[in-house]
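Chemist: Model the following, please.
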Amino acid sequence: MDSNQKALILLAILISAALILSFVGISYPKAPPPPFSQRPTFVPHSGDIELYYTINVVVTTVNAALLIFLFSTYLGMYRKVKSDFTLGLMVFSITLLLYAISSNPLAQWPFGFRGFGLGPFTLLPNLFTCAALAVLVYLTFRY
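Modeler: As a prediction, this is how the structure comes out:
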């Protein structure tokens, strides 16, 4: 088995684990909102809001899995070449990993933050990040 096949298997395992963890996290019973929260009595399209946050949890968890994969790949490259560019890619992937973790609603809910009302605009930045990470993964396999 060559290194590309091993990397693809690792990537598939990471994404599968991320999806399973995100679905477990979504189905986990959530704590009631904190008393200081001022939630309006009427929330328009509340089903849509739940859908956006559910998709956001899945997308940010997949982003985190892709970033862990990219970091481990760049770390292996850095051990071989000792290039400053590869070191920069490692720092870039760690920074995006911190973004993915902090933007995941499962990481925000325990601290009492429950944003609503933005609709798909809470999801779009993470979808664009996922597209950029897919390009990075493709380029990592390609070259």
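Chemist: Can you list the low-confidence ranges for the chain?
Modeler: 1, 25-49, 112-120, 143 (pLDDT under 70).
Chemist: Quick test: name the residue nearest the centre of this structure.
Modeler: Residue closest to the average C-alpha location in the chain (CA atoms, centre = their mean): T60, at 2.4 Å.
Chemist: Helix, strand, or coil at it?
Modeler: helix (DSSP: H, G, I helix; E, B strand; the rest coil).
Chemist: That one contacts S103, correct?
Modeler: Yes: contact criterion CB atoms under 8 Å: T60 and S103 qualify, at 5.5 Å. C-beta here means a position set from N, CA and C on the backbone, and glycine is covered the same way.
Chemist: shared neighbours, those two?
Modeler: N126 (CB atoms under 8 Å, 6 or more residues apart in numbering).
Chemist: if we can go back for a sec, the closest residue to the residue nearest to the centre of the chain other than its chain neighbours: neighbour count?
Modeler: Using CB to CB, 6 or more residues apart in numbering and skipping the chain neighbours, the partner closest in space to T60 is N104 (4.0 Å). Neighbour count for N104, taken as other CB atoms under 10 Å: 21.
Chemist: go on, V135?
Modeler: Neighbourhood size, V135 [other CB under 10 Å]: 9.
Chemist: repeat for T140
Modeler: T140 has 16 nearby residues by other CB under 10 Å.
Chemist: gap between I68 and A132?
Modeler: 16 Å (CB to CB, to the nearest Å).
Chemist: who has more neighbours, the two?
Modeler: I68 (19 against 13).
Chemist: Can you give me every residue that contacts that one?
Modeler: With contact set as CB under 8 Å, 6+ apart, I68 has these partners: L14, L97.
Chemist: R142 too?
Modeler: If you count contacts by CB under 8 Å, 6+ apart, R142 has none.
Chemist: And the strands in this structure, which stretches?
Modeler: Taking DSSP state E, the chain contains no strands at all.
Chemist: can you pull out the helices in it?
Modeler: Counting by DSSP state H, the chain has these helices, from start to end: 3-27, 46-81, 84-102, 105-108, 124-142.
Chemist: can you give me how far the fourth one is from the chain middle?
Modeler: It stands for helix 105-108. 11 Å (CA atoms, centre = their mean, to the nearest Å).
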